[in-house]
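Q: quick one, structure for this:
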Amino acid sequence: MRKKVLEVRDVELTVHEDGRLDVRVRGSVPSLGWKAPELVPYSTALVPRDGIYDLDFLAEAPDCGSASVIDLLVAELSMKLPVAAKGLRVHASINSMIGILAEARAPHEPHREATRRAHP
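A: All right, here's what the predicted structure looks like:
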């Protein structure tokens, strides 16, 4: 069964000259055995007023009980840069985090993460 991961820990955005946006998110899950992490954009007919687009961080939860330890997952998504986007908000079960596009790195810059703000 697909569920939201427990917590978003990090959001990294990379903007390419061709208008493509790469999103890389690290998150935690409450046990071992989670697989197939995925970022799923919300379906929107209009541009969000604040310019922040929303995504869910989902993964396949284990079918049966597994060790209760915090594990990390990484999900990546490459998408066309949304119209008038200022950032992306990634949702998990207990928090959300925003990556701000103005501070995203270019593909060949040294590693620098976009600004992140956690939201309970």
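
Q: Pro37: neighbour count?
A: Pro37 has 19 neighbours, counted by other CB atoms under 10 Å. Yep, even glycine has a C-beta here, placed from its N, CA and C like the rest.

Q: for stretch 25-38, which residues meet the burial criterion?
A: Applying a neighbour-count criterion of 16 or more other CB atoms under 10 Å, one finds 25-30, 34, 37-38 buried in stretch 25-38.

Q: okay, those residues in a markdown table with secondary structure and pLDDT next?
A: Shown next, in a markdown table, are those (DSSP: H, G, I helix; E, B strand; the rest coil; pLDDT from 0 to 100):
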| residue | secondary structure | pLDDT |
| --- | --- | --- |
| Val25 | strand | 98 |
| Arg26 | strand | 98 |
| Gly27 | strand | 98 |
| Ser28 | strand | 97 |
| Val29 | strand | 96 |
| Pro30 | coil | 93 |
| Trp34 | coil | 95 |
| Pro37 | strand | 98 |
| Glu38 | strand | 98 |
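
Q: what about the strands in this structure?
A: Using DSSP state E, the strands of the chain run over 2-4, 7-15, 20-29, 35-41, 52-60, 71-80, 87-91, 96-100, 116-119.

Q: who's in contact with the nearest residue to Val5 once chain neighbours are set aside?
A: The shortest distance from Val5 to any non-neighbouring residue, by CB to CB, 6 or more residues apart in numbering, is to Gly27 (4.1 Å). Residues near Gly27 by CB atoms under 8 Å, 6 or more residues apart in numbering: 5-9, 37, 57, 72-75, 92.
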